[in-house]
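Novice: This is the structure alone, sequence omitted:
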């Protein structure tokens, strides 16, 4: 029995990386973080989570996992365990995925906030530019109107002079 996965992919929790984790091996921490192979490998030397500074020394605190386990592994990994333990393991796995989704939502909300701040700054800048152009346009229109008025006045005085000579 195979199930199709329709859930969104995970991302490396290293904020400097953020690679999509869709195949190969990943590193999972006891503090519910997940890293791509290169970022996870770097954790093995320091044994401190780069996200939350949790100590990763000890068994099962930093584990390398395959995102594409074979069918045989899937059939055997929980075989022989009592249902209560299987449910506990499944619950932990679902909670891990939930935590990752929460981390992703938080990351995206922060990113959207930064983008919106930049959009607002750009909007204010261009509103200032538009206001400046409107002021300049108003000045040019006033000068044009003044020039038209003086030309009309000059032409009307010039026409009066012409009519007097006739």
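Specialist: Now that the structure is in, tell me what you want to look at. None of these values were measured; they are calculated from a predicted model.

Novice: Quick one: the helices in the chain, in order.
Specialist: 37-46, 71-76, 83-165 (DSSP state H).

Novice: Distance from the last one to the middle of the chain?
Specialist: Okay, so that is helix 83-165. 21 Å (Cα atoms, centre = their mean, to the nearest Å).

Novice: JSON lines for the helices of the chain, including mean pLDDT and distance to residue 19?
Specialist: Every C-beta, even on glycine, is put in place using the N, C-alpha and C of the backbone. Listed next are the helices of the chain as JSON lines, based on pLDDT from 0 to 100; distance: least, Cβ to Cβ, whole Å:
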{"stretch": "helix 37-46", "mean pLDDT": "90", "distance to residue 19": "8"}
{"stretch": "helix 71-76", "mean pLDDT": "92", "distance to residue 19": "24"}
{"stretch": "helix 83-165", "mean pLDDT": "88", "distance to residue 19": "13"}
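
Novice: Including distance to residue 53, could the ones you listed go into TSV?
Specialist: Below are the helices of the chain laid out as TSV (distance: least, Cβ to Cβ, whole Å):
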stretch	distance to residue 53
helix 37-46	10
helix 71-76	32
helix 83-165	16
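
Novice: out of those helices, which comes closest to residue 22?
Specialist: helix 37-46 (12.4 Å; Cβ to Cβ).

Novice: which helices and strands sit right next to that closest one?
Specialist: With contacts taken as 3 or more Cβ pairs under 8 Å, 6 or more residues apart in numbering; DSSP states H and E, helix 37-46 sits against strand 25-29, strand 62-66.

Novice: re the thing from before, just name the most buried of the helices of the chain.
Specialist: helix 37-46 (a mean of 14; mean count of other Cβ atoms under 10 Å).

Novice: contact partners of that one?
Specialist: 12, 14, 17, 24-27, 29, 35, 49-50, 56, 62, 64 (Cβ atoms under 8 Å, 6 or more residues apart in numbering).

Novice: For PyMOL, what selects the buried ones among the residues you listed?
Specialist: Typed into PyMOL, the next command selects the buried ones out of these (criterion: 16 or more other Cβ atoms under 10 Å):
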select buried, resi 12+14+26+27+29+35+49+50+56+62
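
Novice: which one of the contacts of helix 37-46 sits closest to residue 134?
Specialist: For the contacts of helix 37-46, the nearest to residue 134 is residue 17 (46.7 Å; Cβ to Cβ).

Novice: tell me the contacts of the closest one?
Specialist: Applying Cβ under 8 Å, 6+ apart to residue 17 gives the contacts 35-36, 38-39.

Novice: Quick check, central residue of the chain?
Specialist: residue 111 (4.1 Å; Cα atoms, centre = their mean).

Novice: Which residue is the nearest non-sequential neighbour of residue 22?
Specialist: Ranked by Cβ to Cβ, 6 or more residues apart in numbering and with sequence neighbours excluded, the top spatial neighbour of residue 22 is residue 9, at 4.9 Å.
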